[in-house]
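K.L.:
output the structure for:
(one chain, ligands or ions: 1)
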Amino acid sequence: MITRRTTRQIHVGDVAIGGGAPISVQSMTNTDTSDVEATVAQIHRLEEAGCELIRVAVPGQEAATAIGAIRERIRIPLIADIHFDSRLAVTAVENGAQAIRINPGNLGGPDKLRRVVDAARAHGVPIRVGVNSGSIEKDLLKEHGYPTPERPDALIESALRNVRLLEELEFFEIKISIKSSDTLTTIAGYRQLAGRTDYPLHIGVTEAGGLIAGTVKSSVALGILLFEGIGDTFRISLTRDPVEEVRVGYELLRSLRIRERGPEMISCPTCGRTRIDLFPLAEEVERHLQTMESNLKVAVMGCVVNGPGEAREADIGIAGGHGVGIIFKKGEIFRKLPEAELLPVFLEELYKMDEERKKQGS
Ligand code: SF4
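P.N.:
Now for the predicted structure:
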């Protein structure tokens, strides 16, 4: 049983963060933000996958002004990611960004920061204070050393110093992130930060890696933190199509029984008893499941003898044999079919069950 840490609540558009709100899954586009068509198309794919907040990089004025056109065509709240240039932050907010991610200390001084904060306040836009291991101030590095799992202090002190810059301007609509590319430093850092502030936290491992390494690193760090009740929104960062980040994000929440979205697939690893080419079959079933919304448990198993029993908890399952296969429900055989008919009949039944489940409110 997970007990969430108590935090203040902020709103990014219509998405509540912290204060008991559901943990939200976010991602970041990798298109050129000033290319409105490409960015909107990518965000639409992310929305379909369940992404709830989307961040875009704002490296120049063209990108900052494109935010208006992008926002008009998407459903989820849009966050602008800005480094160093306060004018870009102001332009992004004036063009409709619903949150900004900045590092208040590196915007060029108090006057510039005040202009950004004034714009954010005027438009009701929260600020994510985002520090990472590479952006820590020199004096903090000198005092605390480079962040390590044993001593992540520099990250925390940097984040809190940047938060104070906003608080001094009486701005409190804040969430915080402290990113490291090291799993253990991320865990230690957020644990310490969670004990020092009640602002909501955006958690993540930065530059985590490709699909496998990135998923493992992020799942270990975020899994441990979420299990301890730390974290109010997160991004799984992968060197991949951002849609994969969202899919991994939901699988992580599902594995911790925090949130479920769409069906769960159980599939066996195959073994010497397998008498069917299971991998393409599993991929095909998974492709269909990604379009479904109910919370069905679906099994894809490699043999008719052990498959139904091993996947007894599945609402519906398919198991392949030698030229024949079976469809089973809750461990009981539902139909036995020649291999060629197995997948089409299974999919028909699956879509039927998905519809029924949706009608019952999933
Ligand atoms: S379901 Fe059958 S094929 Fe798959 S791992 Fe179990 S025994 Fe092996």
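
K.L.:
what about Val58, how many residues nearby?
P.N.:
Neighbourhood size, Val58 [other Cβ atoms under 10 Å]: 28. (C-beta placed from N, C-alpha, C; glycine too.)

K.L.:
actually Gly68, not the one I wrote
P.N.:
As a burial measure, Gly68 scores 16 neighbours (other Cβ under 10 Å).

K.L.:
is it true that it lies in a helix?
P.N.:
Yes. Assigned with DSSP: H, G, I helix; E, B strand; the rest coil, Gly68 falls within a helix.

K.L.:
test my guess that Lys175 contacts Ile17.
P.N.:
Yes. If you go by Cβ atoms under 8 Å, Lys175 and Ile17 touch, sitting 5.9 Å apart.

K.L.:
joint contacts of the two?
P.N.:
Common neighbours of Lys175 and Ile17 are listed as Ile10, Pro200, His202, Asp232, Thr233 (criterion: Cβ atoms under 8 Å, 6 or more residues apart in numbering).

K.L.:
and those, which is closest to the ligand?
P.N.:
Nearest to the ligand among the shared contacts of Lys175 and Ile17, counting by Cβ to the nearest ligand atom, is Thr233 at 37.1 Å.

K.L.:
next, the nearest residue to that closest one once chain neighbours are set aside: phi, psi?
P.N.:
When the adjacent residues along the chain are set aside, Thr233 lies closest to Ser24, with 4.3 Å between them (Cβ to Cβ, 6 or more residues apart in numbering). Dihedral pair for Ser24: phi -90, psi 150, per degrees, to the nearest 10.

K.L.:
quick one, what contacts the closest residue to Thr7 other than its chain neighbours?
P.N.:
Excluding the flanking residues, the one nearest Thr7 by Cβ to Cβ, 6+ apart is Gly18, at 3.8 Å. Shown in contact with Gly18 (Cβ under 8 Å, 6+ apart): Thr7, Arg8, Gln9, Ile10, Lys175, Tyr199, Pro200, Leu201, Asp232.

K.L.:
name the element Phe84 belongs to?
P.N.:
Using DSSP states H and E, Phe84 is not contained in any helix or strand.

K.L.:
for the ligand, what are the nearby residues on the protein?
P.N.:
Taking Cβ under 6 Å from any ligand atom as the criterion, the chain approaches the ligand at residues Cys268, Pro269, Thr270, Cys271, Arg273, Thr274, Met301, Gly302, Cys303, Asn306, Gly307, Glu310.

K.L.:
selection in ChimeraX covering whichever of these are buried, please.
P.N.:
When burial is assessed using 16 or more other Cβ atoms under 10 Å, the buried subset of these is captured in ChimeraX by this command:
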select :268,270,274,301,302,303,307,310
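
K.L.:
among the residues of the chain next to the ligand, which are in strands?
P.N.:
Among the residues of the chain next to the ligand, the members falling in strands are Met301 (criterion: DSSP state E).

K.L.:
which residues touch the residue nearest to Thr183 when sequence neighbours are not counted?
P.N.:
Computed as Cβ to Cβ, 6+ apart, the closest residue to Thr183 that is not its neighbour in sequence is Ala221, at 4.6 Å. When contacts are counted by Cβ under 8 Å, 6+ apart, Ala221 touches Thr183, Leu184, Thr186, Ile187, Ile203, Val205.
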